[in-house]
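Undergrad: Here is a sequence with its predicted model. Questions after.
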Amino acid sequence: MKNSILAFALLAAPALASEDIADQYPGSVLYSKPYEVLPGVFSAIGATAPPTYENAGHNNNLSFIITGDGVVVINGGASYQLAEALHLEIKAVTDQPVKLVFNENGQGHAMLGNSYWADQGVEIVAHTDAAAEFESHGGQSLRAAQARVMEKADDTRVALPTQTFEDSYLVEMGGVQIEARYLGPAHSPGDIVIWLPQKNLVISGDMAFHERMLPIFEHTVTADWIETWETEFEALNATYVIPGHGHPTNMDQVRRYTRDYLVFLRAKIAAHLDDGGDLADAYYVDQSPYTNLDTFEELATKNAGRVYEQMEFE
């Protein structure tokens, strides 16, 4: 009951982010202990900061769903050890086996832990674009993780998903409907969401941010992300959101800090272009309404520069 009350409190009002807290769960390599967000749905909330040795690279959310006939995990994790630690937490709350792992995208923190799950004989599912991304860049992600977290990356290797899909991957397990959906271009190649229609809950992955500033990569097309949001993500009409980073929340909060931020930044850059501004000055367009977000200092100028480079030729 205590955990449920905590979960709903977090959903009702945005929790304080935790960029400056080195570790919330010293007894585990996990940054924080998983808690029950909604009945049968647990999440270990990662640090809303860049991956570091101190947080063992656990800077995204690792979730799992307990059904009547097995457990479904969302995200392989950033290392073999993180995946193993999550599995220990699963075993502490249920005797049911893990039967399926979803990778929310092709980034290292979603897929490097696949190596552990593959050793357990668990089916691993991802979008085709995410699998291709990890196949191309998984070695680079692994080397970066090894350099960053050192022995905490021991036993980690590149292990590709065992199944891929294009549009959706539907599972009914123990009476629970689980829908992995590709909604369209967003943050990175092959971003998917996990939709639980019976709970009106979406595990959004990197489709949605709210406590930390979203990163815009070279391959992130912001106009497409906005279109995917407005035409597909909003249509879910979710009551509850477990984002890729940060505490569980609601649609109003992730809309404010994802879709609205993208629209805001594009408007700033459009005005800058109209005034004949160049790339050097574009980095410093005013983003002060978002200074409260973790990773603002690391990402705001980079985001502005990348949006300028996109919009210059739109």
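TA: Structure's in. What do you need? Numbering: from 1, shown residues only.
Undergrad: In contact with the residue nearest to Pro215 when sequence neighbours are not counted, which residues?
TA: Counting by Cβ to Cβ, 6 or more residues apart in numbering, Leu299 is the residue found nearest to Pro215 once chain neighbours are left out, at 5.2 Å. Glycine gets a C-beta too; all of them are placed from N, C-alpha and C. Contacts for Leu299 (Cβ atoms under 8 Å, 6 or more residues apart in numbering) come out as 213-216.
Undergrad: at 10 Å instead, please
TA: 50, 212-216, 287, 290, 293, 306 (Cβ atoms under 10 Å, 6 or more residues apart in numbering).
Undergrad: same deal with His87?
TA: 64, 71, 73, 77, 98, 113, 116-117, 120, 122 are the contacts of His87 under Cβ under 10 Å, 6+ apart.
Undergrad: Taking the residues you listed, please make a ChimeraX selection of just the buried ones.
TA: In ChimeraX, this line selects whichever of the contacts of His87 come out buried by 16 or more other Cβ atoms under 10 Å:
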select :64,71,73,77,98,113,116,117,122
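Undergrad: any chance of the contacts of His87 in CSV, with distance to Asp23 and secondary structure too?
TA: Output for the contacts of His87, formatted as CSV (distance: Cβ to Cβ, whole Å; DSSP: H, G, I helix; E, B strand; the rest coil):
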residue, distance to Asp23, secondary structure
Phe64, 21, strand
Val71, 25, strand
Val73, 22, strand
Gly77, 16, coil
Val98, 25, strand
Gly113, 18, coil
Tyr116, 21, helix
Trp117, 24, helix
Gln120, 26, coil
Val122, 27, coil
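Undergrad: from the contacts of His87, which is closest to Leu183?
TA: Val73 (20.8 Å; Cβ to Cβ).
Undergrad: doesn't Leu82 make contact with that closest one?
TA: No: counting by Cβ atoms under 10 Å, Val73 stays clear of Leu82, with 11.5 Å between them.
Undergrad: Between the two, which contacts overlap?
TA: Shared contacts of Val73 and Leu82 (Cβ under 10 Å, 6+ apart): 62, 113.
Undergrad: Which residue, neighbours along the chain excluded, lies closest to Val171?
TA: Ile178 (4.4 Å).
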